[in-house]
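J.: sequence first, then the predicted structure, then my questions.
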Amino acid sequence: MAVIRKQRGHFLEDFVPGDVYRHKGGKTVTEGLFALFTDFSMTTNPLSKNARYAQAYGFKGLVVPPGLVMLIVFSQSVEDVSENARANLEYIDMRFGVPVYLGDTLEAETRVLGVKGSSSNPMLGVVHVQTTGRNQAGQVVLTFQRKVQVWKRDRDAALRDGEAAPERIETTLGLPPYDPGRRYGELAHLTNTDSYLEDFTPGDVIEHSRGRVVTTDHIMLTGILDNTSQVHCNQWMVSRDPERFVGGQLIVFGGIPFTLCLGISSADVGDNSLGDIRYATGRHTAPIFAGDTVFASTEIRGVSEFPGRPDLGVLSATLRGHKFVERGDEVERVEIFHLERELAVKRRSSYTT
Amino acid sequence: MAVIRKQRGHFLEDFVPGDVYRHKGGKTVTEGLFALFTDFSMTTNPLSKNARYAQAYGFKGLVVPPGLVMLIVFSQSVEDVSENARANLEYIDMRFGVPVYLGDTLEAETRVLGVKGSSSNPMLGVVHVQTTGRNQAGQVVLTFQRKVQVWKRDRDAALRDGEAAPERIETTLGLPPYDPGRRYGELAHLTNTDSYLEDFTPGDVIEHSRGRVVTTDHIMLTGILDNTSQVHCNQWMVSRDPERFVGGQLIVFGGIPFTLCLGISSADVGDNSLGDIRYATGRHTAPIFAGDTVFASTEIRGVSEFPGRPDLGVLSATLRGHKFVERGDEVERVEIFHLERELAVKRRSSYTT
Amino acid sequence: MAVIRKQRGHFLEDFVPGDVYRHKGGKTVTEGLFALFTDFSMTTNPLSKNARYAQAYGFKGLVVPPGLVMLIVFSQSVEDVSENARANLEYIDMRFGVPVYLGDTLEAETRVLGVKGSSSNPMLGVVHVQTTGRNQAGQVVLTFQRKVQVWKRDRDAALRDGEAAPERIETTLGLPPYDPGRRYGELAHLTNTDSYLEDFTPGDVIEHSRGRVVTTDHIMLTGILDNTSQVHCNQWMVSRDPERFVGGQLIVFGGIPFTLCLGISSADVGDNSLGDIRYATGRHTAPIFAGDTVFASTEIRGVSEFPGRPDLGVLSATLRGHKFVERGDEVERVEIFHLERELAVKRRSSYTT
């Protein structure tokens, strides 16, 4: 008889540049998962709320919002890539593909692009990976790179330091064609009147007026995503070792503020978008705990042509999340999230008549 | 470069009698939204639990319960009507129309019926509106009036005091015809035996025996309804200004106790109903906070004929919600909710054989 | 005018051996219910996560996991059997039938098998029942016996002590046939590589490495199951009478740790299973409260042939749940759940090529 305790997930010394992990599970987008996250996130884009609107625009039905596509694909990679991570350092070159609909099944795989030991801490290092999610037809829905700080299992194990080239993943945002026969103007009352492409001026900063507190619901939400990381849900483990685990508190999974910030910005920036195109880079800059209220702002960086689509333009913006922390009599605004974001935004001239 | 903070929602001086707001968003009833609210609410009517039963009765499938129809339509009106409200004063003449099914998309519009400044507080006034929700086929699912106490943005702004006539909204509760060939009696074990029309005596008061605590889940539930009011979810704002915001606590959205009271009463009053017909008037008479346990009682006011439907009758009742509060050694029963309600209730003689 | 307070559920003196209760309500498995529980439970079996996988295996679609089938059928029996119970003593001979799919409607009935008064407490006794759940086609999905300690309403009421024979319920786990043309090997990366039948050695104990804290979400989850027991959700009642109600705390419904333990064990034991066959016996051995972190272990008891299915085998195992409790400087491991379990597990030789 043996007592077995299986360690799930890879440690730093297990990663080999060029290796590919085909992740377990996969996930079908049920209406339950969709409703919980789409609505939780405060998204106001009718593509994800109103099937009549989405279909009138040429989509098959309600469109899974970009934040949820990201959460589903990302979470599938957690066990293999970051179950034994100390911190998620950066999202890089996250690009969206075909729209995701209710009933689609998403599966994901990850290629190891780099491994590098820490010069200061022999138990740590950085892994650089490329993760791609596809639907049941094999079409890319999302691809991104990320860098993660991962623990070693064994201090003395040799590392496979090095780099491998990323796979070239062709993907562009899938959009129905513009069709003047659709009478978009008859649906224009369903979105804000001041969030068309023509409304944005580079340099402007929009302080989104709404905030949202994070409750212990984050634990259930994270579990529902199949995110297996224990720092989000194992209170006993965290309480027993407060020095290792930020004072004994469960850390909120970064995907929660990620999707909340997208949602909070939605009424001002996103509800006349047809989709997020690309996140060049993203970072969680401070942790969030139950009880924190999340706020967001958007800095408009640029407005440009969308090739082949005169009805649309590309809005480049920096989305920042923040919370407020009381330090004695002072209130500090702490940035918690940073995302360089490009959206496909409708031109008023094409969609309101 | 400008820093922009958009104020969403109308203030008292923005309302003009006769104006109509076509609300943004719209909402498709996913199975996720349906399950969360129907089941959360403790509804026991099998029309909303058991598709076999609902279809045997001639409905297309599971029927969205009246409380959820109300929550969906009401919440769409929040940004335009009550995002800047101090209090929701009264629901008036709320009438239900065709049944709402899974997959239906509900959109809503609101007509301003009256604006009246406060004589005692120059920053406040009352707005009287009429809100109507329709499905994707344009059929009315719900129409109601409400009165809301709304803040002014600018103390010195002129008000458009006055009144406008309500739109005449023809709507009657949509019900499948009675068909003796359906063998209703074979399904009679699925509902209580003592909640048929014949069981109610005007004057009786039923103290519903079950109670339900409200947890911080109310925040997620309210968000899922797209209710944008910050007093339900912005803990930071509320904590910073406890004098303005009832001691720094998030107030539970009135729709939560509304639907909970309907659900708590359901086993005694509603599970042999085919639908709620009309709420003549309704009020939230005290706030609810996380940690409060909600109870309810029903006073039977009358039983009458349902025109054209000898298998049914109209039950008129007053639904009251309450909570208990400890004041030293005393326990006070505090009424939190009051609803004048008419239901279409089955006659035992027509449905149990 | 009368004030009426209906007592729901049966008391000890109401139970008559041989009586059958056809339970109220019934429940259609929406995608909302499915997603919330399947994902909450941490199940890793792709049959319940990935429709592509489930269909490739010959199932009609996503398969409702055994824990949720149990919760739905069990909860329907609560009002009639255990709303007035002091404790649920034992699950006996729980056997699964045809697979349950999204959209299925489950209804349940319970036969009273035995009634026995307590020799030490005149207000208590044990009721022994047999509950069976069926889908809309009348096929058995689950049948089980359980013993419950139930309160008397009236100390002096006579009991119908005695026994009745259980109904013979023919049911076997419904599984699609094995078909080598399905190319199972192409899906093998979606499950763990070390949880095939060949991987289990009788006597081994697997300490599952993940844990999960239970939050106040348990209240909403229990309500969503239509479980009407007040000890899980009526905080006021429980706070007012701490001596009767374990110190004034809401007890977590046993179904929550039941399904969590199944889920926590899933990655090590269940993700290459095609279904749970039978639970010979099960017990909740200590209560769970919000804030407790649930852990689990599995003791392998045996591996045997699955008659007629050379591609499968039967894994017999004891699933145990536990939590840790601090007693001064000591940490005590408290067993909370015990389940004798048989699963239909794939042989690696049949499913990986």
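T.: That came through fine. Numbers count the residues shown, from 1 in each chain, chains lettered A, B, ... in the order given.
J.: ok and the residue in the stretch 1-150 of chain A nearest chain C?
T.: Residue nearest to chain C within the stretch 1-150 of chain A: residue A:32 (2.6 Å; C-beta to the nearest C-beta). Where you see a C-beta, it was placed from the backbone N, CA and C, and this is true even at glycine.
J.: what strand or helix carries that residue?
T.: helix A:31-40 (DSSP states H and E).
J.: same question, residue A:55
T.: Here residue A:55, judged by DSSP H and E, is contained in helix A:51-56.
J.: run through who's touching that helix.
T.: Here helix A:51-56 makes contact (C-beta atoms under 8 Å, 6 or more residues apart in numbering or on different chains) with A:46-48, A:60-63, A:182-184, A:187, A:190, B:26, B:28, B:103, B:105, B:107, B:136.
J.: tabulate the CA atom coordinates of that helix in PDB.
T.: Taking Å, rounded to 0.1, in the frame of the first residue of the first chain, the C-alpha atoms of helix A:51-56 are listed here in PDB:
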ATOM      1  CA  ALA A  51     -29.500  38.200 -29.700                       C
ATOM      2  CA  ARG A  52     -31.800  40.300 -31.900                       C
ATOM      3  CA  TYR A  53     -29.100  42.900 -32.200                       C
ATOM      4  CA  ALA A  54     -26.300  40.400 -32.700                       C
ATOM      5  CA  GLN A  55     -28.200  38.600 -35.500                       C
ATOM      6  CA  ALA A  56     -29.200  41.800 -37.200                       C
END
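J.: now go through the contacts of helix A:51-56 and say which are in strands.
T.: Of the positions in those, B:28, B:105, B:107 sit in strands, assigned by DSSP state E.
J.: I'd like to know how many residues surround the first one.
T.: Okay, so that is residue B:28. 25 (other C-beta atoms under 10 Å in any protein chain shown).
J.: and the second one, by the same measure?
T.: Other residues within reach of residue B:105, judged by other C-beta under 10 Å, total 22.
J.: how far away is it from residue A:184?
T.: According to C-beta to C-beta, to the nearest Å, residue B:105 and residue A:184 sit 17 Å apart.
J.: got it, and the first one?
T.: According to C-beta to C-beta, residue B:28 stands 19 Å off from residue A:184.
J.: how about the last one?
T.: Residue B:107 sits 16 Å away from residue A:184, taking C-beta to C-beta as the criterion.
J.: quick one, what contacts the residue most central in space within chain A?
T.: Closest residue to the average C-alpha location of chain A: residue A:70 at 4.3 Å, with C-alpha atoms, centre = their mean. Applying C-beta under 8 Å, 6+ apart, we find residue A:70 in contact with A:94, A:142, A:144, A:255, A:258-259.
J.: and the residues you listed, which of them are in helices?
T.: Among the contacts of residue A:70, the residues falling in helices (DSSP state H) are A:255, A:258-259.
J.: of those, grab the buried ones for ChimeraX.
T.: This is how ChimeraX selects the buried members of the ones in helices among the contacts of residue A:70, with burial counted by 16 or more other C-beta atoms under 10 Å in any protein chain shown:
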select /A:255,258,259
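J.: pull the helix or strand with minimum mean pLDDT from chain A.
T.: When each helix and strand of chain A is scored by mean pLDDT, DSSP states H and E, helix A:31-40 comes last, with a mean of 87.
J.: and it, what other elements does it pack with?
T.: Using 3 or more C-beta pairs under 8 Å, 6 or more residues apart in numbering or on different chains; DSSP states H and E, the elements in contact with helix A:31-40 are helix A:66-77, helix A:217-224, helix A:255-264, helix B:31-40, helix B:217-224, helix C:31-40.
J.: nearest to residue B:299, of these?
T.: Ranking the helices and strands packed on helix A:31-40 by proximity to residue B:299 (C-beta to C-beta) places helix B:31-40 first, at 25.1 Å.
J.: contacts for that closest one?
T.: Residues contacting helix B:31-40 (C-beta under 8 Å, 6+ apart): A:30-36, A:39, B:27, B:48-49, B:62, B:64-65, B:67-68, B:71-72, B:102, B:217, B:221, B:224, B:259-260, B:263, C:30-33, C:35-36, C:220, C:223-226.
J.: neighbours of the closest residue to chain B within the stretch 251-353 of chain A, how many?
T.: At 3.7 Å from chain B, residue A:293 is the closest residue in the stretch 251-353 of chain A, using C-beta to the nearest C-beta. The number of residues packed near residue A:293 is 21, by other C-beta under 10 Å.
J.: tell me what it is bridged to.
T.: With DSSP bridges as the criterion, residue A:293 is bridged to residue A:213.
J.: contact partners for it?
T.: Residue A:293 is in contact with A:211-214, A:323-324, B:234-237, counting by C-beta under 8 Å, 6+ apart.
J.: and the residues you listed, which is closest to chain C?
T.: Distance to chain C across the contacts of residue A:293 (C-beta to the nearest C-beta) is lowest for residue A:214, with 12.6 Å.
J.: need the per-residue pLDDT for residue A:210.
T.: Note for residue A:210: predicted pLDDT of 92.
J.: tally of neighbours for it?
T.: Residue A:210, neighbours per other C-beta under 10 Å, totals 23.
J.: just the one 3 residues further on next, same as before
T.: Summarising burial for residue A:213: neighbours were counted as other C-beta under 10 Å, giving 22.
J.: residue contacts, residue A:159?
T.: Counting by C-beta under 8 Å, 6+ apart, residue A:159 makes contact with A:12-13, A:115, A:117, A:125.
J.: what about those residues, which one has the most neighbours?
T.: Neighbour counts for the contacts of residue A:159, by other C-beta under 10 Å, peak at residue A:12, which reaches 26 neighbours.
J.: show me where pLDDT drops low in the stretch 101-250 of chain A?
T.: Applying pLDDT under 70 to the stretch 101-250 of chain A flags no residue at all.
J.: try it again with 90
T.: A:170, A:180, A:223-224, A:226-231, A:241, A:243-247 (pLDDT under 90).
J.: would you mind measuring from residue A:151 to residue A:125?
T.: As judged by C-beta to C-beta, residue A:151 and residue A:125 stand 9 Å apart.
J.: now swap in residue A:257 and tell me
T.: According to C-beta to C-beta, residue A:257 and residue A:125 sit 26 Å apart.
J.: what does residue A:193 give?
T.: Going from residue A:193 to residue A:125 by C-beta to C-beta gives 51 Å.
J.: between the helix or strand hosting residue A:148 and helix A:66-77, how many degrees?
T.: Using DSSP H and E, residue A:148 sits within strand A:140-151. Here strand A:140-151 runs at 50 degrees with respect to helix A:66-77, directions being taken by axes from the mean of the first three to the mean of the last three C-alpha atoms, to 10 degrees.
J.: quick one: strands adjacent to strand A:140-151?
T.: With DSSP bridges as the test, strand A:140-151 is paired with strand A:85-96 (antiparallel), strand A:124-134 (antiparallel).
J.: just say which of those is most tucked in.
T.: Across the strands paired with strand A:140-151, the average number of neighbours (mean count of other C-beta atoms under 10 Å in any protein chain shown) peaks for strand A:124-134, which reaches a mean of 23.
J.: now that strand, how far from the chain's geometric center?
T.: Its chain's C-alpha centre and that of strand A:124-134 lie 14 Å apart, by C-alpha atoms, centre = their mean, to the nearest Å.
J.: and what of stretch A:323-343?
T.: 18 Å.
J.: hmm, back to that, what about residue B:107 and residue A:184, which has more around it?
T.: Each of residue B:107 and residue A:184 has its neighbours counted (other C-beta under 10 Å); residue B:107 has more, 27 against 19.
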